[in-house]
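Chemist: Quick one, what's the 3D model for this:
(chains A and B)
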Amino acid sequence: MLISEGLARLFFWSCIFWPLIGGIAVVTLEYPHIRVRIHHGFLIVLLLLTGIAVISPRYMSNTLWVSDDDLTRFARFLVAIGGVMSAYLLQYWYPQTLRFSNQDKRLRWALALQHFLLVVVMLCVAVNNLFIALLCLFVILIIFIIGAGLNPGYSNLNIGWTFFRINLALFSFAFLGRLLLLENNLTITPTISYISSVLLDLGLGLGAGLFPICFMQLRLVKELPLSLGIISTFSMTLPYFITLIRLNKVPAYMPVSLFMIFLSFVTLFVLVMEIRGKHYNYLSITSVFLTNLVLMSIFSGYQEGLYAAGLFMVALVILNPLSYIIERRINSEEFSLQSSWLKLALSGLPPFGIFTALLILLGCFLDFIPLAGCILFILIIWWNYNLFCNRPFNLFVKETNNRAMWIIWWCILLQTLFLPFLLSNLLHNISTQFTIIPGFSG
Amino acid sequence: MLLTLLISALLLMTIGMLTSPATQCLMHGLLTALCLLDGMTLSPMPQMAVFCSVIAVLGGILLNGILKFQRYQLSSKELFFGVCIILFAITIMTYGIPPSISRLEFSILFAIIMVGFLYSILGKTIAVQSVGTSYILNALLLMVGLKGYLSALVTLLVFYVIFWGMAFWMTKRLGHQ
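Modeler: This is a model prediction of the structure:
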């Protein structure tokens, strides 16, 4: 018993320390080809470590500020999968970014920052205290701004500064909300706990929703070096989602689900209208759509909603690096998207993980807010119409790269069959542990 | 009573503008420190209040140095929105909090944060943006120092340090415009 407990503790902390060692190794190593091998090796070992941590027994419930619950294990496993996926996608689509010469310090630092980012994300998803979680989220943003600063130029500095200011303001809203809730513990008044919950949800929810906005409006993600940008696409949002889910455990917190669902609908509509008619629309809209769906299902507060959010997060982690890399390729090389498999994989609809999650969420919404359910339904129909009817769509195209097709097949299989099957027990536990409103089934 | 007076002076400092952002930041930091030192007796952890006041003064001096050669102008539109936001914030918080001594302080601090948010997001020059951000951080520091939450203080300190760094970097690179 003692040995297994010690082992579990070891796995818990090695998820944080292992990428740290990897980052240091990437910075210090001299030979480029060994560096790439080390990079891949470290990520695969990280995946193994988090995988074992999923099955190992839990040893601490709620200590001072870190927790070892099912949510932590789930999120860490996802982050490790995303890390490995992004490394391999980079290897196949842009091999030149990894085989750089020794003189180019910029790319070496980008690769190291990717490892440090993994460290902070792994820590952030386990943090129990909202203030420390805000600190970790802030450090993640700073890593991105430093990464954007690696590219020389005036525009990315300006973008980084704007991004910094907006996020700092949002963080201070969340900070203020938590302070008010702490104050409210002594004399409980419903109005104050309502106001502070709105502040908390606005700060964190807008912060998470800002990710697709910065994708398109602020162009921060495009300014990043590729190796950092591809991992940023999910690692920026995942800690926000986990922090939002953990809010349900905060005492005196009142979920303001209706308001926030309304807000996410409005942002979704605004963004879809904004980017309609540009040539990269489907890929970007997919990210926006997925992010908003996760937010909506978290805010719905039901057990089924959280289950759906978990499935969405799996999809987000797997599809977002792909969509980022394809979008980048379209924009830089005017690559006509001949391979329809890519379109299929990126549409966000055919993978059954999302499909099931959508159905669950629809059922939840139709009971909870019928109007929202109807709007969601119409959106999905419109989506499919655009995807399948508006454009010529042939499934098998000869010029599709064989290797690329295999990777996409793997992506679809992973998040259609393997991951939902592997994680269903965990997801069920999470959804029962972190809900305030009891679901329909239990 | 003195604390309320000082915090009201802080609010005045926030909305009223001096000619240079450097002096504005220094004065704001000094006033925050004064509020903290005065409210030290109310705080559960007096040492933390003293520490926070040191941070506020240090921040004021640093920003004074960083923003020395910057211009500062607020349009009448920004000022008008600032006053409107103050009215709105104070009304909401006074409605929400039950009658107590700390009601006024809380609502004024909330108003300062909202005004800082406005300047920080909508400000045109780097000086206005930095000053707005420093308002937000000072108000949060005042709240944390008076209530004494340790983890919140740690987070806020990191916010401060990174903000100083960013402000320095940005004024050095983009400050000439």
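
Chemist: what's the helix or strand for residue A:171?
Modeler: Secondary structure assignment for residue A:171, by DSSP states H and E: helix A:154-184.

Chemist: Just give me how far that helix sits from the chain centre.
Modeler: With CA atoms, centre = their mean, to the nearest Å as the basis, helix A:154-184 stands 19 Å off its chain's centre.

Chemist: For chain B, tell me whether the very next helix or strand once past that helix is touching it.
Modeler: Next in sequence after helix A:154-184, counting helices and strands by DSSP H and E, comes helix A:190-213. Yes: contact of helix A:190-213 with chain B (CB under 8 Å from any CB of the partner chain) involves A:191, A:192, A:194, A:195. The C-beta positions use only the backbone N, C-alpha and C, and glycine is treated the same way.

Chemist: what residues are up against the last one?
Modeler: The contact partners of residue A:195, by CB atoms under 8 Å, 6 or more residues apart in numbering or on different chains, come to A:177, A:180, B:92, B:93, B:96.

Chemist: Confidence-wise, which of those residues comes last?
Modeler: Across those, the bottom pLDDT score, 72, is held by residue B:96.

Chemist: any chance of the contacts of residue A:195 in JSON lines, plus neighbour count and distance to residue B:60?
Modeler: What follows is those, written out as JSON lines (neighbours: other CB atoms under 10 Å in any protein chain shown; distance: CB to CB, whole Å):
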{"residue": "A:177", "neighbour count": "25", "distance to residue B:60": "27"}
{"residue": "A:180", "neighbour count": "23", "distance to residue B:60": "26"}
{"residue": "B:92", "neighbour count": "16", "distance to residue B:60": "29"}
{"residue": "B:93", "neighbour count": "22", "distance to residue B:60": "26"}
{"residue": "B:96", "neighbour count": "21", "distance to residue B:60": "31"}
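
Chemist: closest to residue B:75 among those residues?
Modeler: residue B:92 (25.6 Å; CB to CB).

Chemist: ok, that closest one to chain A distance?
Modeler: Applying CB to the nearest CB, to the nearest Å, the value for residue B:92 to chain A is 7 Å.

Chemist: can you check residue B:28 too?
Modeler: 16 Å.

Chemist: In contact with that residue, which residues?
Modeler: Contacts for residue B:28 (CB under 8 Å, 6+ apart) come out as B:10, B:13, B:14, B:60, B:131, B:134, B:135, B:138.

Chemist: Let's see the helix or strand containing the fourth one as CSV, backbone CA atoms only.
Modeler: I take that to be residue B:60. Using DSSP H and E, residue B:60 maps to helix B:46-66. C-alpha atoms of helix B:46-66 as CSV (Å, rounded to 0.1, in the frame of the first residue of the first chain):
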residue,chain,number,x,y,z
PRO,B,46,-1.0,44.3,9.9
GLN,B,47,2.4,43.2,8.6
MET,B,48,0.9,42.4,5.2
ALA,B,49,-0.7,45.9,5.0
VAL,B,50,2.7,47.5,5.6
PHE,B,51,4.3,45.2,3.0
CYS,B,52,1.6,46.1,0.5
SER,B,53,2.1,49.8,1.1
VAL,B,54,5.8,49.3,0.4
ILE,B,55,4.9,47.6,-2.9
ALA,B,56,2.5,50.5,-3.8
VAL,B,57,5.2,53.1,-3.2
LEU,B,58,7.8,51.1,-5.1
GLY,B,59,5.4,50.7,-8.0
GLY,B,60,4.7,54.4,-8.0
ILE,B,61,8.4,55.2,-8.1
LEU,B,62,9.2,52.7,-10.8
LEU,B,63,6.4,53.8,-13.0
ASN,B,64,7.5,57.4,-12.4
GLY,B,65,10.8,56.5,-13.9
ILE,B,66,9.4,54.4,-16.7
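
Chemist: Right, I'll leave it there.
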